[in-house]
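Novice: Provided below are the primary sequence and the corresponding predicted coordinates.
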Amino acid sequence: MSAWLNSLQAAMGQLDQSGLIRSLKIRESPNAPFVTLNGQEKLAFCSNDYLGLSYHPELIAALHEGSELYGTGSGASSLISGHTSVHAQLELRLAKTQANHIPNAGASYISTGFMANIAVITALSTLGNISIYSDALNHASIIDAIRLAKASHQATCYIYQHADYEQLSQLLRLDDNPLKLIVSDGVFSMDGDIVDLPQLLGIANQFDALLYIDDAHGFGVLGTQGHGILEHFNMKANNLIYMGTLGKSAGIAGAFVVASQEWIDWLIQKARPVIYSTAPPPNLAFALMKSIDLITSEEGAKRRKHLNRLIEYWSANAKFSKWRTIPSQTAIQPLLIGSNHEVLRVSQELSNANLWVPAIRPPTVPANTGRLRIALNVLHELDHLELLIHRLKEIE
C-alpha cells in the first residue's frame, strides 16, 4: 500500500500547490438565496435552481403524494422491474414539451444529465464508426461520453473552437463519413452564452449530420413556456436529439432525452445507463409532472420575467476595472479573475462578507481563466445584486 499512499500524497500535494484542492461545504438549509453553510447564514449565488422551485410548497406536497402512491424506490431497471405508469406519464409530458420542434417525439427519463449524455452518445456510436464534432467548451459529461465512444466503438472525434462555426464547417467538409454527429451545449455552463442554434442546425442540415443539444441550463428558463432552447429559437427538424435536466430549473432531479421515437427505442436497446441503472424513483417522476405544470404556468412566466430583470441589472451594473465579465443573456454570469489562487482569495473575501460565490478553476474551465460563476435565482432581489457588486468592487 505504501506505493499507493505515496502516489496519493504526491498528487494531493500538487493539487494544493496549484490552488486546485476541492472541499465540501455542509449546507444545512434549502437552496438560495439565503443558506446556512457550516452554521453561518450566507447569501448564495451558486445554485442552478434558477426558477427557485426546489423548495416550492406544491412540489413538496407532490413529492409526498407520489411517495404514498408509488413508494420511494423503483427496485431495478425499468427493463427488469417494469416501467411504472408514472414514469410513462412523465415521459409523455416531457415529449410534449418538444413536440413542436421534433417530429414523432418520444422521451426517456434518465437518472442524471451526466448519464443521459453517456447514454445517447455511446448508443449512437454502436451504429458504426461515427464522426463526432464537439464544441471545445462542452460539459465534462459530453467529453467523457465521447471518450467512451472512442474507446468502445472506435468513434472519431473532432473538437472545434468554441462557437467557431466556420471551423466546424471546414472540418465537416473534409469528412466523407456518412455518420456525423454534432454535439453542443445549449447554454454553456461556465460562460453562460447561448449556442447559435439556427446556424448550427443549418450546418447539420448542410452536411447531413445528426445534431445533439444538451440543454441542461436552458430547459425551464428559455422559451415563452420555458420549454428550452428549441422553443427559444422556434426550431424544428427531424435530425435533432434534445436533452434537458430536471434538477436545475425544474427543482427536483434527473434528466430526459427527447427525439423521434425510433431514437428513443434505440436507447432502450443500446444505452447502458438506461439498461443497467435502477430507474429514478417514481415519487420524483410524480412530482416532476407538477414541476412541468409550474414551469408552463402563469407563475412560471412571472418567474422568468423576474429572472430576466435580474440578468439585465447585472449586465448593466457589473462593471469592473481589472476583472472581465463575459456577456451572457442567461442566469449564468461569469466574472473572470485569472489565477487559481486569486480567484480563491476573492471567493474567500466574499464568504467573509457572508456572500457565497464559489471559485471555479481548471479543469472545469481552461487554465488561467479562474472565475466566479454568479448564478442568478428568481428568489434574488435587485438589492442582493447591488450588495454583491458593491462588495466585489471593494475587493477589486
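Specialist: Sure, I can see it. Numbers count the residues shown, from 1 in each chain.

Novice: where does the stretch 151-300 of the chain dip in pLDDT?
Specialist: The stretch 151-300 of the chain contains no residues with pLDDT under 70.

Novice: what are the ranges of the strands in it?
Specialist: 156-160, 180-185, 210-214, 240-245, 255-260 (DSSP state E, counting those that start in this stretch).

Novice: closest one to Pro282 among those?
Specialist: strand 255-260 (15.1 Å; C-beta to C-beta). Backbone N, C-alpha and C define where each C-beta goes, glycine included.

Novice: Okay, domains of the chain per the record?
Specialist: 22-50+298-395, 72-296 (automatic domain parsing).

Novice: any idea which of those domains is most buried?
Specialist: domain 72-296 (a mean of 20; mean count of other C-beta atoms under 10 Å).

Novice: What's the end-to-end length of that domain?
Specialist: 26 Å (C-alpha to C-alpha, to the nearest Å).

Novice: Return the distance of that domain from the chain's centre.
Specialist: 11 Å (C-alpha atoms, centre = their mean, to the nearest Å).

Novice: which residue ranges form the strands in the stretch 1-150 of the chain?
Specialist: Under DSSP E, counting those that start in this stretch, the stretch 1-150 of the chain gives strands at 34-37, 40-44, 105-110, 131-135.

Novice: what does the helix or strand where Glu312 lies rub up against?
Specialist: Here Glu312 sits within helix 298-317, counting by DSSP states H and E. Under the criterion C-beta atoms under 8 Å, 6 or more residues apart in numbering, residues 50-52, 220-221, 224-226, 294, 325, 327-331, 333, 374, 376-378, 380, 382, 385-386, 389 lie in contact with helix 298-317.

Novice: give me that answer again for 7 Å
Specialist: 50-52, 221, 226, 294, 329-331, 333, 376, 378, 380, 382, 385, 389 (C-beta atoms under 7 Å, 6 or more residues apart in numbering).

Novice: Name the nearest residue to the residue nearest the centre of the chain, sequence neighbours excluded.
Specialist: Nearest to the mean C-alpha position of the chain, by C-alpha atoms, centre = their mean, lies Ala216 at 3.1 Å. Closest residue to Ala216 apart from its sequence neighbours, by C-beta to C-beta, 6 or more residues apart in numbering: Thr245 at 4.2 Å.

Novice: For that neighbour, which residues are in contact?
Specialist: By C-beta under 7 Å, 6+ apart, the neighbours of Thr245 are 113, 216, 219, 255.

Novice: Now those in JSON lines, please, with extra columns for distance to Met1.
Specialist: What follows is these, written out as JSON lines (distance: C-beta to C-beta, whole Å):
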{"residue": "Gly113", "distance to Met1": "36"}
{"residue": "Ala216", "distance to Met1": "39"}
{"residue": "Phe219", "distance to Met1": "46"}
{"residue": "Ala255", "distance to Met1": "38"}
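
Novice: quick revisit: now render the strands of the stretch 1-150 of the chain as TSV, adding mean pLDDT.
Specialist: Below are these laid out as TSV (pLDDT from 0 to 100):
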stretch	mean pLDDT
strand 34-37	94
strand 40-44	95
strand 105-110	98
strand 131-135	98
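
Novice: sorry, back to before: specify the beta-bridge partners of the residue nearest to Ala216.
Specialist: Beta bridges link Thr245 to Ala255, judged by DSSP bridges.

Novice: Could you check how far it is from Gln269?
Specialist: Per C-beta to C-beta, to the nearest Å, Thr245 is found 24 Å from Gln269.

Novice: Ok, Lys305 next?
Specialist: For Lys305, the distance to Gln269 - C-beta to C-beta - is 43 Å.

Novice: cool, and His390?
Specialist: 56 Å.

Novice: Next up, the contacts around the closest residue to Phe188 other than its chain neighbours.
Specialist: Nearest non-adjacent residue to Phe188, counting by C-beta to C-beta, 6+ apart: Leu137, 5.2 Å away. Taking C-beta under 7 Å, 6+ apart as the contact definition, Leu137 lies against 162, 188, 191.

Novice: let's see 8 Å
Specialist: Per C-beta under 8 Å, 6+ apart, neighbours of Leu137: 162, 185, 188, 190-191.

Novice: before we move on, the earlier item: from the contacts of helix 298-317, which single one is nearest Ala107?
Specialist: Gly226 (16.2 Å).

Novice: Leaving out the residues flanking it, which one is nearest to that closest one?
Specialist: Per C-beta to C-beta, 6+ apart, closest to Gly226 is Ile295, 4.2 Å.

Novice: Touching, the one you found and Leu51? I think so.
Specialist: Yes - proximity of Ile295 to Leu51 meets the contact threshold set by C-beta atoms under 8 Å, at 7.0 Å.

Novice: Give me the common contacts of those two.
Specialist: What both Ile295 and Leu51 touch, as defined by C-beta under 8 Å, 6+ apart, is the set 220, 226, 249-250.
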